[in-house]
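Participant: fold the following for me, if possible:
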Amino acid sequence: MTTSPDRSRNRGQQSTWSVWLGWTVSAALAALGAASGGLSGFLIMSGLVLLLVALVATIRGRVRWALLRSRVAGVSALAVALAVIVVGGAVADTEPAGRIAASETSSVADEPAPTSSPSDPSAGSPSRQPSDPTTSVSPSTPGADTALALLATLPVKGRAPKTGYDRDQFGQAWADVDRNGCDTRNDILRRDLTELVVESGTHGCVVLTGRLDGPYTGESIDFVRGAATSSAVQIDHVVALSDAWQKGGQQLRLGARTALANDPLNLLAVDGPTNASKGDGDAATWLPPSKHFRCAYVARQVAVKARYDLWVTRAEHDAIERVLTACPDTVVPTSEPVPLGGGRTGTPEPTSGPTPTRKPTRRGTGSTDPRFDTCTAAIDAGYGPYVRGKDAEYGWYDDRDADGTVCE
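Facilitator: Model prediction:
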């Protein structure tokens, strides 16, 4: 039996119309889903349409306009439809929170700003935060002039070898770097002591007596210049010279190292025993016993290291940071030249008390100074300082702070 041309033409036209109609309806339903539910609505509606078509293909064996020509194809389309529906549901779960947040934001923005009235007890309350975000400062951000901010600029490196260190690498001890006619030791004594008595005839330089409020301990100490008493008050290098040598000092010129060793910023009058206990330790190994002075102490170390291009070790950096975190507003200290004079003038008084049972033993030769029982006796007699590797007298005395110099 043959098929007439007219019947074949009619079937072809019906097939074309069914394809066009099927896809048009499917697209319209998907667009409707997108309009009502966005991406999730589009996926869910498309999945439902595909699910319906796949069921028909599975039952009938084919749906020609959808290109599903077997039951196997229908089952595969059924699985795809279910997957599309699941994805659409997952997208729907994440969208509401974003839409709600956006709607809340827009609703808040649309609300008029509240105005305070005389009956509003909270109006003008100091607890209100400033509306201009540029005027608020985060408490975790240190000010530009603080030691904490300056600490962040210091390089963090490992400690270099101590090889080659010697006190004479930092120039003459207590050199008159400011050229005021007085040695640095007496300059610092005049700066840090109160109730000063300055020796007459020294142009306001040499300190005879005074009183020190010890910064490291908080205790008051009487300073009396003399063989047995001068060492009660010593001048400490806040950044020890040995520490400076191992953290960039080796790269400095001699002039810069001499300035570092005699810079008032790096010097403090302190009690002798505490100074000896510090040695050449940095902030990671030693801090002043007085906790009230620790912020000022580490701030001074930071200032010195920044001024002379020295670095800190990681442990040292962290130790300083812990101290300054408790006092983030501590500013970077500065120093000024110490003027001559101050207090009243006087003359050295003869030492009182029992006559010493043993006098200083002079064992000097033509090439060395006389030898005394103690460094204080040598200093009082006008001798010293003595540098390791340079002066034979160095071996006669105890270098308590291990800085390579005795009888300073």
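
Participant: for stretch 291-305, which positions count as buried?
Facilitator: 293-305 (16 or more other CB atoms under 10 Å). Heads up, the C-betas are built off the backbone N, CA and C, glycines and all.

Participant: again with stretch 142-152
Facilitator: 142, 146, 147, 148, 149, 150, 151.

Participant: ok, now stretch 263-281?
Facilitator: Neighbour-count burial for stretch 263-281, counted by 16+ other CB under 10 Å, picks out 263-272, 274-276, 278, 280.

Participant: any idea of the mean pLDDT for that stretch?
Facilitator: The average pLDDT within stretch 263-281 is 93.

Participant: in the stretch 301-408 of the chain, which spans are helices?
Facilitator: 314-325, 375-380 (DSSP state H, counting those that start in this stretch).

Participant: rank the ones you listed by mean pLDDT and give me the bottom one.
Facilitator: The weakest mean pLDDT among the helices of the stretch 301-408 of the chain belongs to helix 375-380, with a mean of 75.

Participant: skipping adjacent residues, who's closest to the residue positioned nearest the centre of the chain in space?
Facilitator: The structure's the chain has its C-alpha centroid closest to residue 152; by CA atoms, centre = their mean the separation is 4.4 Å. With CB to CB, 6 or more residues apart in numbering as the criterion, residue 152 has its nearest non-adjacent residue at 7.9 Å, and that residue is residue 142.

Participant: distance of that neighbour relative to residue 320?
Facilitator: Between residue 142 and residue 320 the distance is 13 Å, computed by CB to CB, to the nearest Å.

Participant: swap in residue 196?
Facilitator: Counting by CB to CB, the gap from residue 196 to residue 320 is 33 Å.

Participant: just residue 389 next, same as before
Facilitator: Distance from residue 389 to residue 320, by CB to CB: 32 Å.

Participant: next one: residue 240
Facilitator: Taken as CB to CB, the span from residue 240 to residue 320 is 15 Å.

Participant: more crowded one of the two?
Facilitator: Neighbour count, other CB atoms under 10 Å: between residue 240 and residue 320, residue 320 has more, with 27 against 21.

Participant: what's around residue 260, how many residues?
Facilitator: By the measure other CB under 10 Å, the count of residues near residue 260 is 25.

Participant: residues contacting it?
Facilitator: 170, 239, 241, 244, 249, 252, 266, 304, 308 (CB atoms under 8 Å, 6 or more residues apart in numbering).

Participant: which ones among those lie within helices?
Facilitator: 241, 244, 304 (DSSP state H).

Participant: show me where the stretch 201-350 of the chain has its strands.
Facilitator: Applying DSSP state E, counting those that start in this stretch to the stretch 201-350 of the chain gives strands spanning 207-213, 220-224, 233-237, 267-271, 344-346.

Participant: and of those strands, who's closest to residue 79?
Facilitator: For those, proximity to residue 79 was assessed by CB to CB; strand 233-237 is nearest, at 80.9 Å.

Participant: and the closest one, what does it pack against?
Facilitator: In terms of contacts (3 or more CB pairs under 8 Å, 6 or more residues apart in numbering; DSSP states H and E), strand 233-237 is packed against helix 184-192, strand 267-271, helix 272-278.

Participant: can you tell me the closest non-neighbouring residue to residue 315?
Facilitator: Spatial nearest neighbour of residue 315, chain neighbours left out: residue 284 (4.0 Å); criterion: CB to CB, 6+ apart.

Participant: deepest of the strands of the stretch 201-350 of the chain, which one?
Facilitator: Burial of the strands of the stretch 201-350 of the chain is given as mean neighbour count (mean count of other CB atoms under 10 Å); strand 267-271 ranks first at a mean of 23.

Participant: what lines up beside that strand in the sheet?
Facilitator: Here strand 267-271 has these sheet partners by DSSP bridges: strand 233-237 (antiparallel).

Participant: now the partner strand against helix 184-192, angle please.
Facilitator: 100 degrees (axes from the mean of the first three to the mean of the last three CA atoms, to 10 degrees).

Participant: quick one: strand 233-237 to strand 207-213, angle?
Facilitator: 70 degrees.

Participant: pull strand 233-237 out as PDB, backbone CA atoms only.
Facilitator: Extracted C-alpha coordinates of strand 233-237, given in PDB (Å, rounded to 0.1, in the frame of the first residue of the first chain):
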ATOM      1  CA  VAL A 233      74.600  55.700  90.300                       C
ATOM      2  CA  GLN A 234      75.700  54.600  86.900                       C
ATOM      3  CA  ILE A 235      74.900  55.600  83.300                       C
ATOM      4  CA  ASP A 236      73.100  52.900  81.400                       C
ATOM      5  CA  HIS A 237      73.100  52.500  77.600                       C
END
